[in-house]
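Participant: Got a predicted structure here, sequence first:
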Amino acid sequence: MIRAQGLVLLLLLFCGRAGAWHDTLPALVVDHAPQYPLAKHLAYLEDPQQRYTVTDVAGIADQRFRPAAPGYGEVNFGYSASAYWLALPLAIAADSPSQWLLEIASPSLDQVEVYQPRAGGGYTVYRAGDLEPFASRPYIHRNLVFPLQLIPGSTETVYIKVVSGGTLTIPATLWQPEALRRHDQRTYALLSIYYGMLLALMLYNMLLYLATRDVVFLAYVAFVLSMAVGQCSLNGFGNQFLWPGAIAWGNIALPFGMSATGFFGALFTRLFLETRRRARRLDRIILAMACAFAVSGLSPLFLSYRFAAISTSINGLVFSAVATAGGVYCLVRRHPGARYFLLAWSLLLAAVGVTAMRNMGWLPTTTLTSYSMQIGSALEMLLLSFALADRINVMRRQKDRANQEALEAKQAMVDTLRRSEQDLELRVIERTHALERANEKLRQKELQLEYMARHDALTGLPNRTLLDDRIARALASASRRGDVCAILLADLDDFKTINDVHGHVVGDQLLAAAAARIKECVRDTDTVARYGGDEFVIVLEDLDTEYDAADVAEQIVSRMHRSFELEGCTVRINISVGVACFPRDGRAAEQLLDRADMAMYAAKASGRDAWRTARNLPPPRATTE
């Protein structure tokens, strides 16, 4: 109750300060509703010379302002060269959010300026329109949206200046940001269906043109494409996504797109109804309308934008009536597809008429009148596609009747040729598949042979051939980079005894298991190879110091202490390892292998189950690399 009394008091104070025209035009009380339509809260002042500033407008007597939408619907001043100032009185409730968005859902307006008073005096100015760069908009949106910072518990008057060469339709709404986002989702969903339908119809009929080479389909594609350009400009998607930096084009895209729609619509009508052959007088009228649309579309280059906008609206209304009359004429004469054609243009005529009268200010701007072109054009293009399909069906039946005898005579030959081609194609496919399978087997065999040639069959480790390559690569890399590499020679202790006691199967399993344990002690970049019998060679690359090689040797000896479970028996075995490091113990592969072998036998001589380095052995013999 206290809140309601405070709100009423706030409104009375605001009305007393704002002046007389607010007595008949109530201020908008802003609390926490998601949105506020603003038409009935706006007052306007016409500025024919476009010379007023916001200071001038704020100081003009309130009696000169008049309600902008005295009847119903949105604000619409038709076509005018004047600037229009709109005053929006606001009374902000104490519990109202402070962040609001002022949306003017007419993206084709040339320039819109919003003036919000600042607390310290003066005004914060926001500008947007299709004569302004899209990137400079105060709020990125397909429509003209302006952020307002409202102070709860205060009153203020926001001024809006609108100038445009096209129709001055100003559908204004005050939104909470989240409410606008939800509204956009619903709107974008509907518009996406509309543009998806345009794209589908355009692609489908382009395919029909490519298949039939009938120019009537190409004219229909151009008609749909032009409609898409005009609608993208009308909905604001063009300036946002397609040509955001092309200001001059964005300003004329709407009349140009709609004029191109009328031009190609006239060509489509002429081709579809075959007026050149069936109705000469109607054909001349359609050609005249096509020329009128061409003049309207090109007029922004040498005449005013307003002329192009007005002439496009008038031409669209007149041509829709002409096309409807042509549809009636051809329906009477039983032209193929005339039913759908007549219904399509009748719907578009109604939509164009509603749009034209809204643009002229003769009809109010409502949801139905705002989207009448989208609704009418969607139905019209869909029905024209049905008309084309009906036309194709009728012409196909006529052609089938005319060519039936010739087709019957050729059918047997065509069937025989088709079967021959199919049989040949199947044989080619089968042969191709067979060759591919053979090639794949050859590749697999080649890889398998290459692997077998370079790896040990029992352990899967590199054999001596691959080992020589790995050692040569490691020594070259170490010599080039100046780092340390090492060669370890490992031999299983008393392997022959285990082989004799448990048999060769267990011996082979022991070799494979020992190889796996050795690999666990090294890096992926190192090499473990089977050197022969129960001997293994380990190549360690890129070592920091020689002690790293000793650590690996210690790990190998230590890991062999664990028993092996093989073929139901437990086997234990030790290993002796010799270590030779490059370049200390030699610079050639033969030297390093010899030194590692000597170190390994030194380990065996010391009692086995140990490792030794070549450091304490006699120095290597000098070799020439």
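Facilitator: Yes, it's here.
Participant: doesn't T525 fall inside a strand?
Facilitator: No - read with DSSP: H, G, I helix; E, B strand; the rest coil, T525 is coil and lies in no strand.
Participant: How about the contacts made by it?
Facilitator: 541-542 (Cβ atoms under 8 Å, 6 or more residues apart in numbering). All C-beta atoms are positioned from the backbone trio N, CA, C, and that covers glycine.
Participant: What are the phi and psi values at it?
Facilitator: Backbone torsions of T525, given as degrees, to the nearest 10, read phi -80, psi -10.
Participant: Give me the most central residue, this structure.
Facilitator: Within the chain, the residue whose C-alpha comes closest to the C-alpha centroid is F241; the distance, by Cα atoms, centre = their mean, is 12.0 Å.
Participant: how about stretch 188-200: buried residues?
Facilitator: The neighbour-count check on stretch 188-200 (16 or more other Cβ atoms under 10 Å) flags 191, 194-195, 197-198 as buried.
Participant: Extract the C-alpha set from it and format it as PDB.
Facilitator: Output in PDB follows, covering the C-alpha atoms of stretch 188-200 (Å, rounded to 0.1, in the frame of the first residue of the first chain):
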ATOM      1  CA  TYR A 188      14.700 -15.600 -34.900                       C
ATOM      2  CA  ALA A 189      13.200 -19.000 -34.900                       C
ATOM      3  CA  LEU A 190      10.300 -17.900 -37.100                       C
ATOM      4  CA  LEU A 191      12.500 -15.900 -39.400                       C
ATOM      5  CA  SER A 192      14.900 -18.800 -39.700                       C
ATOM      6  CA  ILE A 193      12.000 -20.900 -41.000                       C
ATOM      7  CA  TYR A 194      11.200 -18.200 -43.500                       C
ATOM      8  CA  TYR A 195      14.700 -17.800 -44.800                       C
ATOM      9  CA  GLY A 196      15.200 -21.500 -44.800                       C
ATOM     10  CA  MET A 197      12.200 -21.900 -47.000                       C
ATOM     11  CA  LEU A 198      13.500 -19.200 -49.300                       C
ATOM     12  CA  LEU A 199      16.800 -21.000 -49.600                       C
ATOM     13  CA  ALA A 200      15.200 -24.400 -50.100                       C
END
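Participant: Give the rounded mean pLDDT of it.
Facilitator: Taken as a whole, stretch 188-200 has an average pLDDT of 85.
Participant: tell me the SS of D130?
Facilitator: coil.
Participant: my guess is it contacts Q240, does it?
Facilitator: No - counting by Cβ atoms under 8 Å, D130 stays clear of Q240, with 10.8 Å between them.
Participant: With neighbour numbers in mind, choose between the two.
Facilitator: D130 (27 against 18; other Cβ atoms under 10 Å).
Participant: Could you check the pLDDT of the more buried one?
Facilitator: On pLDDT, D130 comes in at 88.
Participant: what does L150 give?
Facilitator: For L150, the predicted pLDDT is 91.
Participant: Next one: it from S96, what distance?
Facilitator: From L150 across to S96, the span is 7 Å (Cβ to Cβ, to the nearest Å).
Participant: Mutual contacts of the two, please.
Facilitator: V30.
Participant: Domain parsing of this structure, as residue ranges.
Facilitator: Domain assignment for the chain by automatic domain parsing gives 2-175, 187-401, 464-616.
Participant: How far away from the center of its chain is the longest one?
Facilitator: Between the centre of domain 187-401 and the centre of its chain there are 29 Å (Cα atoms, centre = their mean, to the nearest Å).
Participant: same question, the first one
Facilitator: Remark: domain 2-175 is offset 37 Å from the chain centroid, using Cα atoms, centre = their mean.
Participant: How about the last one?
Facilitator: How far domain 464-616 lies from its chain's middle: 57 Å, per Cα atoms, centre = their mean.
Participant: mean confidence for it?
Facilitator: Mean predicted confidence for domain 464-616 is 86.
Participant: One more: stretch 230-249?
Facilitator: So the average pLDDT for stretch 230-249 ends up being 87.
Participant: Out of the domains of the chain, which gets nearest to A457?
Facilitator: Each of the domains of the chain was scored for nearness to A457 using Cβ to Cβ, and the closest is domain 464-616 (9.6 Å).
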